[in-house]
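Undergrad: Next one to model:
(chains A, B and C)
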Amino acid sequence: MRLGPRLEQRVATALLWVMTAMTIGVLVFIIVFVLRKGLPVIDVGFLTKNPVDMGKGGGIFSTVIGTVSLTAFAILIATPLGVGTAIYLTEYTWENAMTRVIRFGAECLAGIPSIIFGLFGFILFVTKLGFGWSILSGGLTLAFMILPTIIRTSEEAIKSVPPDYRTVSFSLGSTKWQTVTRVVLPSALPGIVTGVILSVGRSIGETAAVIFTAGSALRIPTSVFSSSRTMSVHFYIMAREGISMPRAYGTAAVLIIAILAVNIATYYLMNRFIRRYS
Amino acid sequence: MNRLERRDRLIRLALLMIAFSAVSVLAVITIFMFGEGTPVMFKYGVKSFLAGRDWYPLEKSFGLWPMIVGSLYVTAGAMTVGIPFGLACAIVLTEFSSRRVRRVIKPVIELLAGIPSVVYGFMGVVILIPFIREKLGGPGLSVLAASIILGVMVLPTIISISVDSIQAVPAAYREGSLALGATKLQTVKMVILPAARSGIIASIILGMGRAVGETMAVIMIAGNAISVPHSILDPVRTLTSNIALEMGYAAGEHRQALFATGVVLFVIIMILNTVANVTSSRRGGPGR
Amino acid sequence: MRRRVFTGLIILVAACLLCCGRNRSETSLIVAGSTSVQPFADKWAEVFMERHPGIGVNVQGGGSSAGIQACLSGACQIGTSSRELKPEEKILHEIVVARDGLAIVVNPSNPVRGATLEQIKEMFEGSLRNWMMLGGPDREITVVTREEGSGTRGAFQELVMGKARIFKGAITEDSNGTVREIVANDPYAVGFISLGLVNEEVRALSLDGVEGNENNILEGRYKLVRPFLFLSRGEPSGLAKEFIDFVLSAEGQELIKKEGLIPAR
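TA: Below you'll find the model as predicted:
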């Protein structure tokens, strides 16, 4: 059926818009659905009480602590490593075979599925190194998962610091390291922080790698060697086993709100960063 | 060499070591996996390992074929959902919307990427599976369910990279085409999309990589049966679910077989990533 | 500022490495394994921790085989299992802490109320595919099973299937709760779960005319029974022994009796 080009364009445009609306509609639907069923469950008690009876009662406090500790641990390990790598790649060498190898390594690491990290973390940290199911095992595994993201965003951030900053700093007599730490890094900070926040968002939602390395104990973790359950693991278990649907929705709602907050923070920071340099 | 210079040298060395951390972790994971997985593959014969149809690990029967097919079907299904909708969104975002609309829609799509996979899986369980079971038949836990949910999950990847590629097409192309009298649609179809082709293909391949590697959502909605699915309404098990379901208790050769599954997965994803990198670096355009 | 963060990190890592070789704290116990045992172990743990503040008992799932492996490798002090140990696993010290029936469950809307053991076997083997053969509606049976390492599946395999394999098209899930959820939502599904976990969302079939309940189990009429085991490397001592003593005490046994399990003796 040959339509004239004008009509064809109208039809096609309409179709494209419909498909886009459907896509956005799915997202909005998911968020609204979860929030509608989950928000009523959330109150101060939900967030501050521990799960009772395998999650049938009580709140999600210990899982909140678990999520926070695990994420904090992962960030603490991955940020120095990632930023250090980025600094080395941009400031201390030129493009050669070694930097290509390092970048290739980071790219590959980014593509590995989370379950393989979980498998690796389980065998290495939990079993062979004897850390057991713990925040230590989970945090280390998560750290390696978010490392590529931090390297990539830090590199971008450092690269976009104008070269003049560096030249001026050198001309004033500072060493390379002083330039890096007192001039380049502070300017690149919003970009680096953006990468860190992105990784926080990813860690909050990560389940496959965490469940096999940090375990699923319901109690508040007492040390890095304690097993701990994160909110996403808790949600997974409760939803799968039908332990308490309202609480499952509540946990999901908290998760989504946390991730929404992270996304908004990232977006805001990115905008500030771009505006500063354009 | 004075003190400051010596300190700078040390710092450079320290940073070099740190920079190698990413590579070393990758190396350790790869060596570990291949080291543990390949002996088992060779012991039982690579062919029978990959093409065998029986996965009964406690009886030492390791046939990965149903899972390989499972991963392929589910990924293909995800692409069938993801590519049309993803491209549609990308085109609308770049060609048919104003800057203000774009500023609203783009972050919304990025939010889609942030939702945890377990929430997607849960949505599938609560809404999609009863629908499929009642209206289409079968247990509901099926290739179809997995394809739809995974398709939605890879949309952000396809959209954002395609948007970048389309925006990278020089304005001259667009303007030239319109000046010659083509409609907007004709311009998109015959000028812009072909020009952005390599980036779009890269986005699709990266999306495939993501779909192949997804675990949690798939375990919740695919049914995990160890048979080769004959229709999209049949339950299916993917390579990732296989690892996740059995990891906790696998010992000895069974555990090595899971590493071998990981090796297969790893190889597939490496191939996909390399192809994506190669196609995206080969940009068609003027002056080539 | 960066230097301080850096140094702080070095100290943190060093501290972790120092604590690495040390034994896990004596005030915390890890109980890992069967998902059938898990909710009851958790109940025991809750009460035990109320009695002994400052002591932590962490209960994990993973499946019976996972618990056995974890116990063998030292990842947990007490492993739990809902099936008998295999000969090569018998090096572990085992204690029966409860007994549990195995229930074959269907959706409450399913008119089929009972079946013979042979019919159950055929359903799971894949040779009996339609509810009509059991007097139900003309629909294909959706078979739900557990993963291979599950103690519940192991017990089911031993007590019902014998030498026959569970067929490949069966939906596989990784915990009792998940199987129950699926059966509760699918009118044409059948699965097996711990008898103690049957609630009003699913209905247990009677086998060869015998209902699955405590009475019938104690009198030996209902045949699908398996032990809940607590496992340890060698004789349990210290915290593990205290916990096990509590579990086997009259109070501990009464606790799980109320939840639907059969006491150990």
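
Undergrad: Using the three-state scheme, assign residue 225.
TA: Unless you meant another one, I'm taking chain A. For residue A:225, the secondary structure call by DSSP: H, G, I helix; E, B strand; the rest coil comes out as coil.

Undergrad: that answer is for a different chain, and I need it for chain B
TA: Here residue B:225 is coil, with the state taken from three-state DSSP.

Undergrad: Now do it, the pLDDT please.
TA: In the predicted model, residue B:225 carries a pLDDT score of 92.

Undergrad: Identify the residues contacting it.
TA: For residue B:225, the contacting residues are B:234, B:235, B:236, B:237, C:168, C:169, C:170, C:171, C:172, by Cβ atoms under 8 Å, 6 or more residues apart in numbering or on different chains. Where C-beta positions appear, they are placed from N, C-alpha and C, glycine not excepted.

Undergrad: Please enumerate the strands of the chain.
TA: No chain specified, so I'll use chain A. If you assign secondary structure with DSSP state E, the strands in chain A sit at A:51-52, A:57-58.

Undergrad: try chain B instead
TA: In chain B, strands defined by DSSP E lie at B:55-56, B:61-62, listed in chain order.

Undergrad: now those strands in JSON lines, with distance to residue A:23, mean pLDDT and mean neighbour count?
TA: As requested, the strands of chain B are exported to JSON lines (distance: least, Cβ to Cβ, whole Å; pLDDT from 0 to 100; neighbours: other Cβ atoms under 10 Å in any protein chain shown):
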{"stretch": "strand B:55-56", "distance to residue A:23": "36", "mean pLDDT": "85", "mean neighbour count": "18"}
{"stretch": "strand B:61-62", "distance to residue A:23": "40", "mean pLDDT": "84", "mean neighbour count": "20"}
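
Undergrad: so can I have CSV of those showing distance to residue C:28?
TA: Converted to CSV, the strands of chain B look like this (distance: least, Cβ to Cβ, whole Å):
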stretch, distance to residue C:28
strand B:55-56, 37
strand B:61-62, 37
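
Undergrad: Flag the shaky bits of the chain, pLDDT-wise.
TA: Here I'm looking at chain A. Filtered on pLDDT under 70, chain A yields the residue ranges A:1-3, A:274, A:276-278.

Undergrad: Actually, chain B is the one I wanted.
TA: Under the criterion of pLDDT under 70, the regions of chain B flagged as low confidence span B:1, B:280-288.

Undergrad: hey, what's the closest residue to residue C:78 other than its chain neighbours bridged with?
TA: When the adjacent residues along the chain are set aside, residue C:78 lies closest to residue C:31, with 4.5 Å between them (Cβ to Cβ, 6 or more residues apart in numbering or on different chains). When bridges are assigned using DSSP bridges, the partners listed for residue C:31 are residue C:59, residue C:78.

Undergrad: What is the nearest of the contacts of residue B:225 to residue B:186?
TA: Here the nearest of these to residue B:186, counting by Cβ to Cβ, is residue B:236; it sits at 40.9 Å.

Undergrad: what about that closest one, neighbour count?
TA: Residue B:236: 30 surrounding residues under other Cβ atoms under 10 Å in any protein chain shown.

Undergrad: go on, residue A:5?
TA: Neighbour count of residue A:5, defined by other Cβ under 10 Å: 14.

Undergrad: wait, residue A:210 sits on residue A:231?
TA: No. Under the criterion of Cβ atoms under 8 Å, residue A:210 makes no contact with residue A:231, lying 10.2 Å away.

Undergrad: For the stretch 51-200 of chain B, what lies in contact range of chain C?
TA: When proximity is defined by Cβ under 8 Å from any Cβ of the partner chain, the stretch 51-200 of chain B lies next to chain C at B:54, B:56, B:57, B:58, B:66, B:129, B:130, B:133, B:139, B:140, B:141.

Undergrad: Over to the first one: give its phi and psi.
TA: What it means is residue B:54. Residue B:54 has phi and psi values of phi -110, psi 120 when expressed as degrees, to the nearest 10.

Undergrad: wait, isn't it in contact with residue B:63?
TA: Yes. At 4.6 Å, residue B:54 counts as touching residue B:63 under the criterion of Cβ under 8 Å.

Undergrad: and the closest residue to chain A within chain C, what helix or strand is that in?
TA: Of the residues in chain C, the one nearest chain A is residue C:177, at a distance of 2.4 Å by Cβ to the nearest Cβ. The secondary structure element spanning residue C:177 is helix C:176-185 (assigned by DSSP states H and E).

Undergrad: Provide the contact partners of that helix at residue level.
TA: A:237, A:240-243, B:129-130, B:141, C:35-36, C:105-108, C:144-146, C:152, C:171, C:173, C:189-194, C:197-199, C:201-202.

Undergrad: Next secondary structure after that helix?
TA: Where DSSP H and E defines the elements, the next helix or strand beyond helix C:176-185 is strand C:189-194.

Undergrad: Do that next one and chain B come into contact?
TA: Yes. Strand C:189-194 lies in contact with chain B when judged by Cβ under 8 Å from any Cβ; the contacting residues are residue C:189.

Undergrad: next one: the helix or strand just after that strand to chain centre, how far?
TA: Of the helices and strands lying after strand C:189-194 in sequence (DSSP H and E), the nearest is strand C:203-204. Taking Cα atoms, centre = their mean, to the nearest Å, the mean C-alpha location of strand C:203-204 is offset from the chain mean by 18 Å.

Undergrad: next SSE after strand C:203-204?
TA: That would be, after strand C:203-204 and using DSSP H and E, strand C:206-207.

Undergrad: what packs against that following strand?
TA: strand C:114-115 (3 or more Cβ pairs under 8 Å, 6 or more residues apart in numbering or on different chains; DSSP states H and E).

Undergrad: what's across from the residue lying closest to residue C:214 once chain neighbours are set aside in the sheet?
TA: Sequence neighbours aside, residue C:262 is the residue nearest to residue C:214 in space, at 5.9 Å (criterion: Cβ to Cβ, 6+ apart). With DSSP bridges applied, residue C:262 shows beta-bridge pairing to residue C:99.

Undergrad: Count the neighbours of residue C:262 for me.
TA: Neighbour count of residue C:262, defined by other Cβ under 10 Å: 20.

Undergrad: now residue C:214: how far from residue C:260?
TA: As defined by Cβ to Cβ, to the nearest Å, residue C:214 lies at a distance of 8 Å from residue C:260.

Undergrad: Could you list the contact residues of chain A toward chain C?
TA: Where chain A comes near chain C, counting by Cβ under 8 Å from any Cβ, the residues are A:52-54, A:76-77, A:80, A:126-127, A:129-133, A:136, A:181, A:185, A:215-219, A:222-227, A:237, A:240-243.

Undergrad: change it to 6 Å
TA: Proximity of chain A to chain C, by Cβ under 6 Å from any Cβ of the partner chain, involves residues A:54, A:80, A:127, A:132, A:181, A:215-217, A:219, A:227, A:240-242.

Undergrad: By neighbours, which of those residues wins?
TA: Tallying neighbours with other Cβ under 10 Å puts residue A:215 at the head of the residues of chain A next to chain C, with 30 neighbours.

Undergrad: So that residue is in contact with residue A:135, correct?
TA: No. Assessed by Cβ atoms under 6 Å, residue A:215 is found out of contact with residue A:135, at 9.4 Å.

Undergrad: circling back: let me know the closest of the contacts of residue B:225 to residue C:73.
TA: residue C:172 (24.9 Å).
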